[in-house]
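**Student:** With the input below, show me the fold.
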Amino acid sequence: MTDDEVRTAVRATLAVLTQLAQRTRTPADDLLVQLLRQNEGRLVTAIADLLRDPAQPPTAERVTAALAAVGIRA
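**Tutor:** Below is the predicted model:
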């Protein structure tokens, strides 16, 4: 996938999560959506990196490392 395709997929996922959060409407849902939206660029970079990796699906450790590489720590 290209970075533009990853960005589109991330935005679509965020849109779905936003719709789900509107149905349940808890403060935790609102906070999660806000955090994800604020980190959209970082998520795109991490996901694009994971998709370039030949080992699919990525392990939990690989996902954690990709997120850490863009400044998101679990």
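**Student:** May I have the predicted confidence score for the nearest residue to A74 once chain neighbours are set aside?
**Tutor:** With sequence-adjacent residues excluded and distances taken as C-beta to C-beta, 6 or more residues apart in numbering, A74 is closest to T64, at 5.6 Å. Just so you know, the C-beta spots here come from the backbone N, C-alpha and C atoms, and that holds for glycine as well. Listed pLDDT for T64 reads 96.
**Student:** which secondary structure element contains T64?
**Tutor:** Using DSSP states H and E, T64 maps to helix 60-69.
**Student:** contacts for that helix?
**Tutor:** When contacts are defined by C-beta atoms under 8 Å, 6 or more residues apart in numbering, helix 60-69 is touched by residues 42, 46-47, 49-50, 53, 55, 58, 73-74.
**Student:** Just the buried subset of these, please.
**Tutor:** 46-47, 49-50, 58 (16 or more other C-beta atoms under 10 Å).
**Student:** so how far is the first residue of stretch 45-62 from its last?
**Tutor:** 14 Å (C-alpha to C-alpha, to the nearest Å).
**Student:** Now do the residue nearest to A74 against R25, distance only.
**Tutor:** According to C-beta to C-beta, to the nearest Å, T64 and R25 sit 30 Å apart.
**Student:** Next: T45.
**Tutor:** The gap separating T45 from R25 is 30 Å, by C-beta to C-beta.
**Student:** Give me the more crowded residue out of the two.
**Tutor:** In this view T45 and R25 are compared by other C-beta atoms under 10 Å, and T45 has more residues nearby, 20 against 9.
**Student:** which secondary structure element contains that one?
**Tutor:** Going by DSSP H and E, T45 is part of helix 40-52.
**Student:** to the chain's geometric centre, what's the distance from that helix?
**Tutor:** Distance of helix 40-52 from the chain centroid (C-alpha atoms, centre = their mean, to the nearest Å) equals 8 Å.
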